[in-house]
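K.L.:
No letters, just coordinates:
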């Protein structure tokens, strides 16, 4: 079988060399053909893409938004640097901004301190009017009155106006077409221009913009930033590495072409498949560039090795393909399995990443076994004579490992167990604001909002009443009020928006603004009639539909939280549901929903869904190793170096970083496909030495170090560099994933060099004792 | 028509001989003609309703949100015609459903430019409240109809501009752009389709403050009363931005029941049933 495969590889290699021009032409044409799909690529700009269609939190949130109004919003935050906003000057700015905000594309509602619908009683007249009407003629008493009303109004305080009166917000509700990047960008750009204009004409005013629309719009910006800065950086690093390691112009150029073609094919295929780019899938080009190099390096290192030892170029190509066809295929297969397992993820952007990367890896395999040898065959290649010092480093490392194998076994065992024990220090956290680092304006503005005005994370409840019209029932309102008060008492809660505040205010106004009547109406029909009266007097866009459903059988409560962790957020949502279960009638039971809650559940759900994906990938990859090496024993031994690095990486992360989000769930699966490559290359050389040459276990280890040691160094260095570059991403999911994968791959090489050989000699080494002290046999 | 033809000939001759300023002058002349024509159509629509005296109607309002949830409201409305173009009509709305607001009555004296005079009787407290609010663009009972869509349509509340004639269903319609002249409207403009046979408002497109299409009102099931006055028995309002819909169905509209001015006052409001 092995001979048959070798003969097949030899004939294949000869065929490639004979038809080299045709191969080059076909590769280029095919690459350009597929790459033309790249014109269909677009960026998505909807935070909802992180959630699958069957995500229960997403569905709960979508149906809440269908019943009430949408929650896509833009929040302007204004803070003058000279004190309170309750001056004619600043109130006029707020009023103008409020008026202009109706012009923001897709806006359906604008809320501010100036257009707040204040109710006031004058004898038997009820006046419903903007809180601030004319700013010009306002006296100090008038300003004080406005300030006092705004600060004591639960709907405004700590949501639209800060407690110290120095910061105020203008809140715009948008009705955006779903996942329409152009529409979203149009709305957000419009708001950004408005903010810039206000700042330009009022230098003493600081203006920030946050909200779910700017959040969504920050995603394509992050994707584009990654693709336009990290991918070129990766190119640069690749060129440096290749020039340094290969020291061959043709080799470097050939490898670069393979990586570029592979990436083009993958992105073109993504375009044809209609995939919309998200920050996670925007990592694909960098990842493919990185991985595509490995195949080339293995083929080239063997070829140059043969040429240095006197083989003619074409013979060296044939020999290289003979020994590398199988491992290169196998490593590509395992990498593809690893990436495809991302389809188990809860978050669709990871499906796209996995599928694009898998296509890229397959393309890289095809191009590096067809185009690369053909390219080398037509290009001049010069090699320097044998550089002994270089390979002897690896040989010395091999001797060291063989000599200290028992100590290494125990020492490495301790390190593995020790590092892994820090996994418990890992804390899952997905605060979507913190997905963006502090160089991203959205993050800066959101932090500013949180520091000065209000929280940015919201939990929403749609609380049912007993029947149609039941929101006016005293029992319902009383429980709603208790629930709101219970929430307000929590330190993490910044603001609660509830219809009970409206009814209390109306009740007071209907009783001549007597403060003792600032309480809930005690009769159902009275509350209903108050609401009817109030609704009839509201202006366009400021209706109650955003808080009460059309049947008046449910109302919405919006809870704004401080900067709390995902854990705390889930806890608050859960406690709230339990509070309603324990303290309110059964029909009032409700679950918290909203973007923040969705993200808070994302990592957990993703880890659960990826467990089966990772397990499947692990089984498939191990099976392919057993099959390829035709040895159950080697396959079983390989489990350790394949499993251990990811576990250790989590431990290292727990020790030095601690917090991680969504990224953590996919690391095990994707890195598995990559780290297994080093194991495959080492084991296949080891196995070849054992079976073809009948060497002892220790000699086979020597052979392994000598033949693939330096190639593994290079490929690992490239992979680590590639993923380390991803850690520069402004998007923390990408940065975490890059860094964790880089750590995992580096640890994998550490394990492959220091733990795998002692394990091999322990479990596969009955004949090894005599040879272990003998010097290495010369190659070939 | 000949006036338009003349102005076209006139403008063409000007284009042939002179510069861009004259061109815009001709365009202005065109515009003036369109405004005159639009106003004529609206005046004809208004004139055809003169002398209806008073009406009494029963209606059901069917609300539907994006989620497909439905909700029903029922009410009666009495309207008294107030002759003249400078004052609006008086109307009284009595709510029958939902149960919680049964007996609530809303009295309104429409004005052209000033806020309407409005009173509301709340049976739960047996008191009449005068409502002082400039707002008439808010949703009526949480529906897609704004109060301003349902309140008396007075000729002088808008300026008019004829856009084009086009078929509308089996009829031929004049399409007229109407711009609110009163403050605090929720709309920048409305496009109204008047059928040229009876001058009924067949369809109205409402544009929001951004100039984007907000809602469309489609009226159908027109019936003629007293051989003169047409009323739609089905008014369907669709909000294009939020996906919400409201259908207003009239079960009965009666004319000239002898409604007296003295029945529509703040003091009589308490006694309405």
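P.N.:
On my side now, so go ahead. Computed from a prediction, not measured in an experiment: that's the story for all the values here.
K.L.:
Low-confidence bits of the stretch 151-273 of chain B, can you list those?
P.N.:
B:152, B:273 (pLDDT under 70).
K.L.:
Of all the residues in it, which one is nearest chain A?
P.N.:
Nearest to chain A, among the residues of the stretch 151-273 of chain B, is residue B:186, at 3.1 Å (CB to the nearest CB). Just so you know, the C-beta spots here come from the backbone N, C-alpha and C atoms, and that holds for glycine as well.
K.L.:
can you tell me how far that residue sits from residue A:175?
P.N.:
15 Å (CB to CB, to the nearest Å).
K.L.:
neighbour-wise, which of these two wins?
P.N.:
Ranked by neighbour count (other CB atoms under 10 Å in any protein chain shown), residue B:186 and residue A:175 place residue B:186 first, with 24 against 17.
K.L.:
For residue B:269, which non-adjacent residue is closest in space?
P.N.:
Take residue B:269 and drop its neighbours on the chain: the residue closest to it by CB to CB, 6 or more residues apart in numbering or on different chains is residue B:121, 4.4 Å away.
K.L.:
Equivalent analysis for residue A:165, please.
P.N.:
Looking at residue A:165 with CB to CB, 6+ apart, the closest residue is residue A:84, at 4.4 Å.
K.L.:
May I ask you to confirm that that neighbour is in contact with residue A:147?
P.N.:
Yes - using CB atoms under 8 Å, residue A:84 is in contact with residue A:147, at 7.3 Å.
K.L.:
which residues are common contacts for these two?
P.N.:
residue A:165 (CB atoms under 8 Å, 6 or more residues apart in numbering or on different chains).
K.L.:
Beta-bridge partners for residue A:460, please?
P.N.:
residue A:558, residue A:593 (DSSP bridges).
K.L.:
Quick one, grab the pLDDT at it.
P.N.:
For residue A:460, the model assigns a pLDDT of 92.
K.L.:
Ok, residue B:57 next?
P.N.:
93.
K.L.:
in which helix or strand would I find it?
P.N.:
Residue B:57 is part of strand B:54-64 when elements are defined by DSSP states H and E.
K.L.:
so who does residue B:71 touch?
P.N.:
Per CB under 8 Å, 6+ apart, neighbours of residue B:71: A:468, A:550, A:551, A:552, B:62, B:63, B:64, B:142.
K.L.:
and the next element down the chain from the helix or strand harbouring it?
P.N.:
In this structure, residue B:71 sits in strand B:70-80 according to DSSP H and E. Per DSSP H and E, strand B:70-80 leads on to strand B:90-97 as the next helix or strand towards the C-terminus.
K.L.:
Show me what that next one packs onto, helices and strands only.
P.N.:
Applying 3 or more CB pairs under 8 Å, 6 or more residues apart in numbering or on different chains; DSSP states H and E, one finds that strand B:90-97 makes contact with strand B:70-80, strand B:105-109.
K.L.:
Is it correct that residue A:591 is in contact with residue A:572?
P.N.:
No - contact criterion CB under 8 Å: residue A:591 and residue A:572 do not qualify, at 12.0 Å.
K.L.:
Show me which of these two is the more surrounded one.
P.N.:
residue A:572 (22 against 18).
K.L.:
Tell me, how many residues neighbour residue A:185?
P.N.:
Neighbours of residue A:185 (other CB under 10 Å): 18.
K.L.:
hang on, isn't it packed against residue A:45?
P.N.:
Yes - between residue A:185 and residue A:45 there is a contact under CB under 8 Å: 6.8 Å.
K.L.:
follow-up on the earlier one: now the helices and strands packed on strand B:90-97 as a markdown table including distance to residue A:79?
P.N.:
A markdown table is the format used below for those (distance: least, CB to CB, whole Å):
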| stretch | distance to residue A:79 |
| --- | --- |
| strand B:70-80 | 42 |
| strand B:105-109 | 43 |
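K.L.:
Serialize those strands to JSON lines and add fields for distance to residue A:457 and mean pLDDT.
P.N.:
JSON lines is the format used below for the helices and strands packed on strand B:90-97 (distance: least, CB to CB, whole Å; pLDDT from 0 to 100):
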{"stretch": "strand B:70-80", "distance to residue A:457": "32", "mean pLDDT": "91"}
{"stretch": "strand B:105-109", "distance to residue A:457": "41", "mean pLDDT": "90"}
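K.L.:
Out of these, flag the one nearest residue A:137.
P.N.:
strand B:105-109 (29.5 Å; CB to CB).
K.L.:
for the next helix or strand after that closest one, packing partners?
P.N.:
For strand B:105-109, the following helix or strand on the C-terminal side (DSSP H and E) is strand B:117-122. Contacts defined by 3+ CB pairs under 8 Å, 6+ apart place strand B:117-122 against helix A:524-536, strand B:105-109, strand B:127-132, helix B:266-269.
K.L.:
Give me the helices and strands touching the shortest one, please.
P.N.:
Counting contacts by 3+ CB pairs under 8 Å, 6+ apart, the secondary-structure elements packed against helix B:266-269 are strand B:105-109, strand B:117-122, strand B:127-132.
K.L.:
Who are the contact partners of residue 67?
P.N.:
Using chain A. With CB under 8 Å, 6+ apart, residue A:67 has these contacts: A:462, A:549, A:554, A:556, B:65, B:66, B:67, B:69.
K.L.:
wrong one, I was asking about chain B
P.N.:
With the criterion set at CB under 8 Å, 6+ apart, residue B:67 makes contact with A:63, A:66, A:67.
K.L.:
Quick check: phi and psi at the first one.
P.N.:
So that's residue A:63. phi -70, psi -30 (degrees, to the nearest 10).
K.L.:
Need the pLDDT of it.
P.N.:
pLDDT at residue A:63 comes out at 84.
K.L.:
just residue A:766 next, same as before
P.N.:
So, for residue A:766, pLDDT stands at 55.
K.L.:
nearest spatial neighbour of residue A:81, skipping sequence neighbours?
P.N.:
residue A:204 (5.2 Å).
K.L.:
count of neighbours near the one you found?
P.N.:
Neighbours around residue A:204, by other CB under 10 Å: 11.
K.L.:
and residue A:377, how far is that from chain B?
P.N.:
63 Å (CB to the nearest CB, to the nearest Å).
K.L.:
To residue A:136, which of the helices and strands packed on strand B:90-97 lies closest?
P.N.:
When the helices and strands packed on strand B:90-97 are ranked by proximity to residue A:136 (CB to CB), strand B:105-109 comes first, at 31.0 Å.
K.L.:
got the contact list for the closest one?
P.N.:
A:536, B:88, B:90-95, B:116-121, B:151, B:264-266, B:269, B:272.
K.L.:
which of those are buried?
P.N.:
A:536, B:88, B:90-95, B:116-121, B:151, B:264, B:269, B:272 (16 or more other CB atoms under 10 Å in any protein chain shown).
K.L.:
Sounds good, over and out.
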